[in-house]
Structure formats: structure tokens, C-alpha cells
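Asks: this is the structure alone, sequence omitted:
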């Protein structure tokens, strides 16, 4: 997840602009730590937004997707 993705999520969930700036400053100083960003949001009075992103890949539905080889290979 990129910083722009996080900022988009915050804006699309109607987080106050000043609070977004505070979170952006935190990210610039400390890096992307989604659990701490959720804690900051909860302290500010918002719901946690990023708790689903830290789930293990094996528990997500994406782990059950079967990949299909769509490229053609030439053989002799």
C-alpha cells in the first residue's frame, strides 16, 4: 500500500483535512504502520479503516484464486 492509497482512503471516508495532515506527517516520519494509523484514527474519534489490510494472505479470499496460464508458448 502506498501513501497515496492511504490518503485516498482517508479522504473517501470523510476524515477531516487537518487529521489527514497529521496522519500524513506521521507517515513521513515513521513509515507506513497501518495498526498505528488505525489507533490514531480511533483516538481522533473515527473508526479504524486499515484493519482488513493486515490480515494474513492465507485467510483472504485472494489465496483461493487459481491462476490460469494465458500466454501462448511456441514449441518445436
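Replies: Ah, there it is. Remember, it's a predicted structure, so these values are computed and weren't measured experimentally.
Asks: what sits against residue 53?
Replies: With contact taken as CB atoms under 8 Å, 6 or more residues apart in numbering, residue 53 is in contact with 1, 34. Where you see a C-beta, it was placed from the backbone N, CA and C, and this is true even at glycine.
Asks: helix/strand/coil for it?
Replies: coil (DSSP: H, G, I helix; E, B strand; the rest coil).
Asks: now it: how far from residue 7?
Replies: Noted for residue 53: a distance of 14 Å to residue 7, by CB to CB, to the nearest Å.
Asks: ok, residue 30 next?
Replies: 16 Å.
Asks: out of the two, which sits in the more crowded spot?
Replies: It is residue 7, of residue 30 and residue 7, that has more neighbours when counted by other CB atoms under 10 Å, with 16 against 10.
Asks: isn't the more buried one up against residue 25?
Replies: No - using CB atoms under 8 Å, residue 7 makes no contact with residue 25, being 11.9 Å away.
Asks: helices or strands up against the helix or strand encompassing residue 9?
Replies: Using DSSP states H and E, residue 9 sits in helix 3-12. On a contact count with 3 or more CB pairs under 8 Å, 6 or more residues apart in numbering; DSSP states H and E, helix 3-12 meets helix 17-30.
Asks: just want the angle from the helix or strand following the helix it packs on to helix 17-30.
Replies: Next in sequence after helix 17-30, counting helices and strands by DSSP H and E, comes helix 34-43. Counting by axes from the mean of the first three to the mean of the last three CA atoms, to 10 degrees, helix 34-43 lies at 150 degrees to helix 17-30.
Asks: show me the shaky parts of the protein.
Replies: 54-76 (pLDDT under 70).
Asks: let's see 50
Replies: Filtered on pLDDT under 50, the chain yields the residue ranges 56, 58-60.
Asks: what's the closest non-adjacent residue to residue 39?
Replies: Spatially, and ignoring its direct neighbours in sequence, residue 39 is nearest to residue 48 (7.9 Å; CB to CB, 6 or more residues apart in numbering).
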